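Student: Generate coordinates for the sequence data below:
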Amino acid sequence: MSTHLTRWGGPVVAASLVVAGTLGLVHEQAPAPGPAGPTVSVDVVDDRGTPLAGARVRTDEGSATTDAAGRAAVPLSRDGYAHVEASGHGERTLRLHAAEASRAVLPASGFDTVTLRFGGDVMMGRRFYEPSASGPALLTEASTVEDHRRLLDGITPLLQDADLTAVNLETPLVAKPYWPEGAKRPDGFNPTKEIAFASSTKTAQALRDAGVDVVSLANNHVNDGGAAGIASTLTALDDAGVRHFGAGRTEDEAWTPLEVPVRGRTVAYVGCTTVDGLPSPHPYVAQGSSGGAARCSEGRLRRTVERQRAAGHDVVVMIHGAVEYERQQRPVIRRLTQVAAEAGATAVMNGHPHVVGGLTTQSGAVVAESLGNLLFDQDLWSTFPTYLVRVDLHDGRPVHTQADPLVIDRYAPRPATTALADAVGRIAAGSVATTANADATGTTIGSALLEPRPRAVQLTAGVPTSLAPGWQVAGRPDGILAGSDLLFGSGRFEADARSGSGPALWTLGANTRRTNAAACAPTPSEAVAQHGVELVRSPLSTQDAFVTPEHRIPVKAGQRLTFVAAVRHASPGSRATLAWYAGAEGPSSATTEVTVPPSSSDADDCRQVRVDVTAPAGTTFVQPALRLLPPESSVRGSRLAVDDVSLGRWGEEGGSSARFDTVLAERATAVTLQQVTPTAATEPTVLRATSSPVTALAGATEPSLPRTEETERP
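Tutor: I've put the predicted structure just below:
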């Protein structure tokens, strides 16, 4: 597991430092606030892309009605949810960002359309009961159902935005779910399994209250508590009114489909796992009269789906398996997915890797390669981006699919916006061959997509260029290197901060705070999420001032990386640092550290500080940071303002894949970008144009283009 930043030791690794301007593309902001207060633009269309006039868009701050073009200016001064409805159409709940236009797609036939939602792995045990550097334990033995439900507060409106919402419940539910690490497991728990855990029986009612209707139990942890754990899990779910499938007291019960009537149709859920624990004497799967999860087999899966389809049911299949922390599923899961789709499944939602994967279609079925985590106690950086999938069915056929982007922050999910949302969308639309498209609203599949709109831009040689949400390089131009921000855009500090603490996924040292004034493009009000981080030290300061990601970032030795930060007001003692680690725990094995050139405290413009470096041999993790040393003067303090921090991993020449959010030109050149544009208000604009040539410091050389493609595996 990753640990918080605690040490900076180790030999210094040579690196290059570059100070330059930046070039980026961003969406235009929503229409200017009217006299009644701030508003945000929302376009409303049906599932064929036709604008809907007269639709009502309602937020906590007021409501608005769409005009003839399907557009409404909705009152919104801070991020929040909107409920959208139109006569003769289905309804929709969506997350709105206070500085970004959005788009809502409503099913064309409201009553006849069945809406399904799907989320990833859920548990509320283990580290939920342990304090961390971020705060006290989230749960205790005295925690109530409401305490458990509160963990899903951030996404409850989305969970409730469906006829049926299903998640993978990857835990047994027992009366006493927690035991300290290293302690003897309670009687009845699997004694030989490397990792076993449980959650409270109160979890069932908490899920129901939050909006979860159905859970899959077809996974490798539901049987951690043995027969007694299976029994208490099923009882707790039944008592709470949460329907379940994929596990049981016998093999036949585990394979029995869950049939749920809804809007005159029947949705049938089927689940199985390939992670079976065999040939251990304590397998995870049901066998004959012994309980556990349903064990996947092509034949039984095909027959089960075909029978349900022949009965006229809309079949949902949830498959659990493959390799943890890999976004691309293994051939065995893809083969089972194909079997289910060809047998007539409407949707195939897969899991187990704990990271989200691509969203696509196969034989008419909507397919999620991996739903990732939804509520889980992992500290691994790659598990934090995730999504909730919504599938609208008409006559059993998917007419529109959307993945709402989320981020897991201290184990709990909340909506992702701006750069974080873009990172999730790029994973969903760029990890597999797909017809899906990522835009500012989310990742979509369906006829409501618009045609790509091209835009020609000029790239400056040697300057990393960030692309706006949904934009990618058209074709595969020579001399263009494509990459991805390993920080998932979180270093722009734009997303909502946790109440009473710092920016999401980041740790702030003493005398460090997230402020609107520290942003490179500050806005008049804190309500609009344009923020940076400010490090300030007094002449007598003794505590370290720093900003760093909360956890270590997985990398591979030999990878070409670029660490970038926009800075200003840089006092002497400002540093950019990369701490390298051989594993998820333990001290750093090496450190790359460069001095940030001082800048005048009167300067308003940000400058880009860039460190080009290759991950040292033996490295598996890195943790970047910006630091401010004690002031040199005994009477004068020091300061550093930081914004737009990224850690780029260069992948391949070309760059036509949606997963790439950054490009680097070998020489000054023009390229064409393309985007499926959700609204006419999202034309790109130049964020900051380069005003001077790239200046090399500390013997830096122009970066060259590596010729090997990096993989997605952390």
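Student: contacts and neighbour counts: CA atoms only from here.
Tutor: Will do.
Student: which residues of the chain score low on pLDDT?
Tutor: For the chain, the stretches with pLDDT under 70 are 1-36, 110, 439-440, 447-452, 495-502, 522-529, 601-604, 652-656, 676-714.
Student: which strands and helices sit next to the longest strand that it contains?
Tutor: Determined from DSSP state E, the single longest strand within the chain is strand 638-653. Counting contacts by 3 or more CA pairs under 8 Å, 6 or more residues apart in numbering; DSSP states H and E, strand 638-653 is packed against strand 480-485, strand 532-537, strand 560-568, strand 621-628.
Student: how far out from the middle of the chain is that strand?
Tutor: 19 Å (CA atoms, centre = their mean, to the nearest Å).
Student: Quickly run through the sheet partners of that strand, with directions.
Tutor: Next to strand 638-653 in the sheet, as set by DSSP bridges, lie strand 480-485 (antiparallel), strand 532-537 (antiparallel), strand 560-568 (antiparallel).
Student: Can you report how many residues neighbour residue 338?
Tutor: 20 (other CA atoms under 10 Å).
Student: Use 7 as the first number for this chain going forward.
Tutor: Taking 7 as the first residue, the last one we looked at is residue 344.
Student: Specify the local secondary structure of it.
Tutor: Counting by DSSP: H, G, I helix; E, B strand; the rest coil, the backbone at residue 344 sits in helix.
Student: Okay, it and residue 353: tell me how far apart.
Tutor: 11 Å (CA to CA, to the nearest Å).
Student: repeat for residue 108
Tutor: In terms of CA to CA, residue 108 sits 26 Å off from residue 353.
Student: can you check residue 602 too?
Tutor: For residue 602, the distance to residue 353 equals 51 Å [CA to CA].
Student: Find the centremost residue of the protein, please.
Tutor: residue 391 (1.8 Å; CA atoms, centre = their mean).
Student: Which stretches in this structure count as helices?
Tutor: 151-155, 162-165, 208-216, 232-246, 257-261, 304-316, 337-348, 424-436 (DSSP state H).
Student: Which stretch among those is buried most, on average?
Tutor: Ranked by mean neighbour count, these are led by helix 424-436 with a mean of 28 (mean count of other CA atoms under 10 Å).
Student: Please write out the alpha-carbon positions of that helix in CSV.
Tutor: C-alpha atoms of helix 424-436 as CSV (Å, rounded to 0.1, in the frame of the first residue of the first chain):
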residue,chain,number,x,y,z
THR,A,424,-12.8,19.9,-14.8
ALA,A,425,-9.4,18.2,-15.2
LEU,A,426,-10.2,15.3,-13.0
ALA,A,427,-13.4,14.5,-14.9
ASP,A,428,-11.4,14.7,-18.1
ALA,A,429,-8.9,12.2,-16.8
VAL,A,430,-11.7,9.7,-16.0
GLY,A,431,-13.3,10.3,-19.4
ARG,A,432,-10.1,9.7,-21.2
ILE,A,433,-9.7,6.3,-19.4
ALA,A,434,-13.2,5.3,-20.3
ALA,A,435,-13.0,6.4,-23.9
GLY,A,436,-9.4,5.7,-24.6
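Student: by contact count, what packs against that helix?
Tutor: Checked by 3+ CA pairs under 8 Å, 6+ apart, helix 424-436 has strand 365-368, strand 391-400, strand 403-415, strand 443-444, strand 449-452 packed alongside it.
Student: give me that answer again for 10 Å
Tutor: strand 365-368, strand 391-400, strand 403-415, strand 443-444, strand 449-452, strand 486-491 (3 or more CA pairs under 10 Å, 6 or more residues apart in numbering; DSSP states H and E).
Student: Listing partners with orientation, what would you give for the fifth one?
Tutor: Strand partners for strand 449-452, identified by DSSP bridges, are recorded as strand 403-415 (antiparallel), strand 443-444 (antiparallel).
Student: out of those, deepest packed?
Tutor: strand 443-444 (a mean of 28).
Student: my guess is residue 514 meets residue 542, correct?
Tutor: No. With contacts counted by CA atoms under 10 Å, residue 514 stays clear of residue 542, the gap being 11.7 Å.
Student: Break this structure down into its structural domains.
Tutor: Following automatic domain parsing, one gets these domains for the chain: 22-27+490-703, 45-104, 119-422.
Student: quick one: terminal-to-terminal distance for stretch 258-274?
Tutor: End-to-end distance of stretch 258-274 (CA to CA): 16 Å.
Student: next one: that stretch to chain centre, how far?
Tutor: With CA atoms, centre = their mean as the basis, stretch 258-274 stands 30 Å off its chain's centre.
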